[in-house]
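*Asks:* fold the following, please.
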Amino acid sequence: MARSAFLSPLPRDIAGATLVGRVNSHAAGGPSVVSLRGDEIIDISAAFPTMRDLCEAADPARAAREARGAHLGSLADLLTSARPDSPHLLAPNDLQAVKAAGVTFAISLIERVIEERARGDRAAAESIRARVLKALGDDLASLKPGSPEAAKVKAELIDAGLWSQYLEVGIGPDAEIFTKAQPMASVGHGADAGFLASSHWNNPEPEVVLAIASTGRIVGATLGNDVNLRDVEGRSALLLGKAKDQNASCAIGPFLRLFDESFTLDDVRTMEVALRVTGEDGFVLEGASSMRQCSRDPLDLAKQMFSHRRGYPDGAMLFLGTMFAPVADRDAPGKGFTHKEGDLVTVSSDKLGALTNRMRHCDACPPWDFGVGALMRNLAARGLLAGAPSTTGQTA
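*Replies:* Down below sits the predicted model:
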């Protein structure tokens, strides 16, 4: 599929946005950190060899705007060229750990309980959903995790025979934070995203992803698709690694929008994230997730990840969770939604643009073969590791 078929990756208020990303370019000799200025792609790798380095700057947005560098072409050309050797967008993160927060919305708690009780059988989900919703009512939507009211609801659910390990992380004091992917393993806008061929109940998870520096300071946000295998995790929560971390199963992008005077954490707190799935079979699924409905504040989730027990010297990307779990029937009544190869998935928001990926089986996606070691060797060969990278926002 030509890249021109993808939706625009740009936010609606592009004129005031500080957007940075990563581009793989033969002209540059490998992955480059870039700053988007108008329609122009500027390679700022001489000042910031990695996105990690840029996020560590005292003022990343200012540093990105002021850094000088080579012109790699226009965004329009990058998105429309069909040549296999043409520059293309990569995920905007590199050395950062890739983490995710689970069960951060009431609706996701409900769906996790359903998965657990269905034991991987999607045909049983509808009857279980009816029972769970009848027991829960509307209590979860307004509950603050860890509060006395949440503890009371949890006790009532247990008394009703609806205990689940997901109740603890959904309404208890401690959030679920897990590893979504390895550094350098995420795919970017326009790339194939993967799900296991052996999975018969899976779905996209449209989410906001925070970029967090090693100090715990949140410096920006982007979009992500936390591809999830519901039948695998439903069989056992101990299979979370297999359900979440597969070849090409983590999509992030298209650009990282850095916090500045036009974009702050308050914009993340009120963001609407839309999802559209278009299948080659004519199936269309649309939905939306409102960050206003998130049970936990983004700052709290970041603090829980960056506790005194754990440091992230290269920073981290943190998926904030989703309230959207597709339940519309696709193949047969009562079977709900699952992916098919060729599905085009777009995650979008007004202030972060649109991230689009084509779904393929994991073994049909390009293998992940460019890790941290390969990146360091590439940067060294290009002379970009000769000196300490700038972390003060000075121009190159």
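
*Asks:* could you point out the helix or strand that follows whichever helix or strand residue 268 is part of?
*Replies:* Using DSSP states H and E, residue 268 sits within helix 265-269. Along the chain past helix 265-269, the next helix or strand (assigned with DSSP H and E) turns out to be strand 272-278.

*Asks:* show me what that next one is packed up against.
*Replies:* Applying 3 or more C-beta pairs under 8 Å, 6 or more residues apart in numbering; DSSP states H and E, one finds that strand 272-278 contacts strand 206-212, strand 284-290, strand 344-349. Bear in mind the C-beta positions are built from the backbone N, C-alpha and C, glycine included.

*Asks:* please repeat the previous calculation with a cut-off of 10 Å.
*Replies:* Counting contacts by 3 or more C-beta pairs under 10 Å, 6 or more residues apart in numbering; DSSP states H and E, strand 272-278 packs against strand 206-212, strand 218-226, strand 284-290, strand 344-349, strand 353-361.

*Asks:* so which of these is nearest residue 61?
*Replies:* strand 218-226 (7.8 Å; C-beta to C-beta).

*Asks:* what pairs with the closest one, parallel or antiparallel?
*Replies:* Sheet pairing of strand 218-226 (DSSP bridges) gives strand 206-212 (antiparallel), strand 250-258 (antiparallel).

*Asks:* so which strand or helix has residue 166?
*Replies:* Using DSSP H and E, the element containing residue 166 is helix 165-171.

*Asks:* buried ones in that helix?
*Replies:* Buried residues in helix 165-171, counted by 16 or more other C-beta atoms under 10 Å: 166-167, 169-171.

*Asks:* kindly report the same for stretch 76-92.
*Replies:* Those would be 78-79, 81, 86-92, for stretch 76-92 by 16+ other C-beta under 10 Å.

*Asks:* quick one: mean pLDDT over that stretch.
*Replies:* Per-region confidence: stretch 76-92 scores 82 on mean pLDDT.

*Asks:* pLDDT score for the residue of the chain positioned farthest from its centre?
*Replies:* The centre of the chain is farthest from one residue, residue 159, which by C-alpha atoms, centre = their mean lies 35.9 Å away. Looking at residue 159, its pLDDT stands at 78.

*Asks:* ok, it to residue 113 distance?
*Replies:* 15 Å (C-beta to C-beta, to the nearest Å).
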